[in-house]
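[1] task: produce atomic coordinates for the following.
(chains A and B)
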Amino acid sequence: MTTFREKLTAYLILGPFALVLAFPFYWMLWTSFKTELDLYNVENVPFFFGDGSPTTRNYEFLFSETQYLTWVKNTALVGIAVVVITLVLAVPAAYALARLSGRWGQGMGVGIFLTYLVPPTLLFLPLSYVISHFPLGGHAGLQDSLWSLVLVFPSFTVPFSTWLLMGFFKTIPRELEEAARVDGASRLRTLFQIVFPISLPGILTVVIFSFSLVVNDFVYALAFITTSEAKTISTGVFTELIRGDIFFWQGLMAATLIPSIPLALLYNLFLDRFIAGFTGGAFR
Amino acid sequence: MVAVAAPGARRRRRNLLESRRFLASVLIAPAVLFIAVLVGGPLLLAVYLSLTDAVGGTLGGPWVGLDNFRAAWDDPNFRRALRNTLLFTIASQAIVLVCAGLIAHALTRPIRGKWILRFLIILPWAAPVPLSTIGWLWIYDSLFSIVNWVARRANLVDDFNPPQWLGDQTLALAAVTSVHAWRIIPFAVVIFLAGLASIPAEVDDAAKVDGATGLRKFWYVTLPLQLPIATVAVLFGIVFTATDMTVVYILTQGGPFNSTQMLTSWAYFVGIRGGSLGEGAAISLFLLPLLVVVAVLMLRFARKVEVT
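    Numbering: from 1, shown residues only, chains lettered A, B, ... in the order given. Below you'll find the predicted structure:
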């Protein structure tokens, strides 16, 4: 039994931490509903609304007068494409490394994981040259094309995902596969009908993780994309809603909140799975 | 003839797919090829670039040997960037370790409202960094900083000369460190929770039987079992912090006067903004030995965890 004192301690620790860690988001929410007049009036108490606040004007501005929706769409498209590529490359590789190969598979798995540690800032100098000169579809290069991001992002999602999935596949009891093979199923059939369905939690972890790595990228998107129609939220918001010294604070805050809340909900929903995926993947 | 040969060929193909070695190679090859082309290739190119006098828009130039490394090293801005990279990484990870340890421990208790508390705690990690850092930019604003407003009301700071979080060299370092720590804490919490979940219930029972509770149990039972996993969390945190340039780029642009540059951001400013690809590549390469050390530690500890 958890004693009352233990529970109280838990609240006393979690309460303040939750307050501090989530404060920036609370503050974004508050700011995003303020009018220009209210925000810059130093007489007003910033924790209250006044001078015409609250208003939804900032959200209207974001959706109708900026290309925010295009950036969100671009981010989603790139994210989905990268997740698909990651799964196609990482799932078979991870399975083979975990199950079909012996000692050298382990070594190779480690090697693949190590490539994740190579920092993007090291790779993007040569990559940005290659991207701007890569001949594709008659264009001068992939510069300013979402394809550049779709091509480059898997360079960090694949190593991480392969490593995570390797651990996951190892936790599947061998007997299940053996039983299927005894029944006459081929290796590939066993893979598709037995192994992949059971590995769904691990695959889900990888999907969420890869997507979040894509949304978090800033360096590549900054270097490869300069036209505003092809931007993703990570660079679009920063480069277009801040013009010189003029910050559209309320719009910026709204733009940050909109993707953050659903992502956090998703994370929280899958947290237990995630933990299972991580204990299976990272520590085994 | 053809009709006879076809099933034979199919059977052969099938047999090939049944061969463990062959199937393994087929499944692994695409991923390895992709990584070789998109990580291996550029990595070698970066090393090559660092040894040439390449400028923006070209891929190569006169061979200059180690001149770029020497030039980078002699630049006081580089030294500061190197120092800052270490400072941000070590300071933020120290904060992360303590906070995440406390949070994860408290989160294992069966309490009401855990879901919402967990949601609030996980937010900084779920939010895209390039966006959430803009939130901090507003919190640390020179005129409308909410931190300063509260501090002024509490008479903690001078009304007419409030702290300039991003304008003062020392405060800016603290500001960058705080954002890095803030962002990594939830991630470390998740890893710690995973670690705590992997401690078998028998250990808990045994500790109870032996009369170990509270701090004693934490010190003698939980902590030693947690140590390897904490190390994994810290090593990940080091990689995330040391290789990130987003926070510095958005929060301070390396300023004031390049006092908050990290190796990553400095490489960007020199290599892309300044157009000296060669020197930019050399600067980023300085990061590699540090990461190799981290990687070696990571693997050693990951294996240790495997044993337990």
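[2] and the contacts of stretch B:274-286?
    A:119, A:121-122, A:125-126, A:129, B:46-47, B:49-59, B:61, B:64, B:68-69, B:71-72, B:78, B:81-82, B:263-264, B:266-268, B:270-272 (CB atoms under 8 Å, 6 or more residues apart in numbering or on different chains). Just so you know, the C-beta spots here come from the backbone N, C-alpha and C atoms, and that holds for glycine as well.
[3] put the buried members of the residues you listed into a ChimeraX selection.
    Filtering the contacts of stretch B:274-286 down to the buried ones (16 or more other CB atoms under 10 Å in any protein chain shown) takes a single ChimeraX command:
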select /A:119,121,122,125,126,129 /B:46,49,50,51,52,53,54,64,68,69,71,72,78,81,82,263,264,266,267,268,270,271,272
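[4] which of the contacts of stretch B:274-286 fall in strands?
    Within those, no residue falls in strands by DSSP state E.
[5] now A:Ala22. Nearest residue, chain neighbours left out?
    Leaving out its chain neighbours, the residue that sits closest to A:Ala22 by CB to CB, 6 or more residues apart in numbering or on different chains is B:Leu120, at 3.9 Å.
[6] per-residue confidence for that neighbour?
    The model reports B:Leu120 with a pLDDT of 94.
[7] measure A:Thr190 to chain B for me?
    Separation of A:Thr190 from chain B (CB to the nearest CB, to the nearest Å) stands at 11 Å.
[8] secondary structure element for that residue?
    Secondary structure assignment for A:Thr190, by DSSP states H and E: helix A:187-190.
[9] tell me what that helix is packed against?
    Judged by 3 or more CB pairs under 8 Å, 6 or more residues apart in numbering or on different chains; DSSP states H and E, helix A:187-190 is in contact with helix A:174-182, helix B:2-18, helix B:20-35.
[10] can you classify the residue nearest to A:Ala22 by secondary structure?
    helix (DSSP: H, G, I helix; E, B strand; the rest coil).
[11] give me the number of residues near A:Arg5?
    By the criterion of other CB atoms under 10 Å in any protein chain shown, A:Arg5 has 9 neighbours.
[12] what comes up buried for the particular helix or strand that has it in it?
    In this structure, A:Arg5 sits in helix A:4-32 according to DSSP H and E. Residues of helix A:4-32 classed as buried by neighbour count (16+ other CB under 10 Å): A:9-11, A:13-14, A:17-18, A:21-25, A:27-28, A:30-32.
[13] that helix - what's its average pLDDT?
    Mean predicted confidence for helix A:4-32 is 91.
[14] what's the longest helix in chain B?
    As assigned by DSSP state H, the longest helix anywhere in chain B is helix B:76-107.
[15] how are the strands of chain A distributed by residue range?
    Taking DSSP E, the strands of chain A run over residues A:242-243, A:246-247.
[16] partner strands of the first one, parallel or antiparallel?
    Think strand A:242-243. Partners of strand A:242-243 in the sheet, by DSSP bridges, are strand A:246-247 (antiparallel).
[17] and the contacts of the strand it pairs with?
    A:Leu241, B:Leu137, B:Trp138.
[18] what lies in contact with the helix holding A:Thr190?
    With CB under 8 Å, 6+ apart as the criterion, helix A:187-190 contacts A:Glu177, A:Ala180, A:Arg181, B:Leu17, B:Glu18, B:Arg20, B:Leu23.
[19] give me that answer again for 6 Å
    Here helix A:187-190 makes contact (CB atoms under 6 Å, 6 or more residues apart in numbering or on different chains) with A:Glu177, A:Ala180, A:Arg181, B:Glu18, B:Leu23.
[20] so what's the residue count around A:Phe47?
    A:Phe47: 10 neighbours (other CB under 10 Å).
[21] any idea how far B:Ile146 is from the closest residue in space to it that isn't next to it in sequence?
    Once flanking residues are discounted, A:Phe47 sits nearest to A:Trp30: 7.4 Å by CB to CB, 6+ apart. As for A:Trp30, its distance to B:Ile146 is 9 Å (criterion: CB to CB, to the nearest Å).
[22] equivalent analysis for B:Ala212, please.
    Taken as CB to CB, the span from B:Ala212 to B:Ile146 is 44 Å.
[23] just A:Glu65 next, same as before
    Note on A:Glu65: its distance to B:Ile146, by CB to CB, is 27 Å.
[24] neighbour-wise, which of these two wins?
    Neighbour count, other CB under 10 Å: between A:Glu65 and B:Ile146, B:Ile146 has more, with 18 against 10.
[25] OK, contacts around the more buried one?
    Neighbouring residues of B:Ile146 by CB under 6 Å, 6+ apart: A:Pro46, B:Ile139.
[26] run the last query once more with 8 Å
    A:Trp27, A:Pro46, B:Ile139.
[27] same check on B:Val190?
    Shown in contact with B:Val190 (CB under 8 Å, 6+ apart): A:Leu271, A:Phe274, A:Ile275, A:Phe278, B:Ile122, B:Trp125.
[28] wait, the second one touches A:Gly202, no?
    No: assessed by CB atoms under 8 Å, A:Phe274 is found out of contact with A:Gly202, at 10.2 Å.
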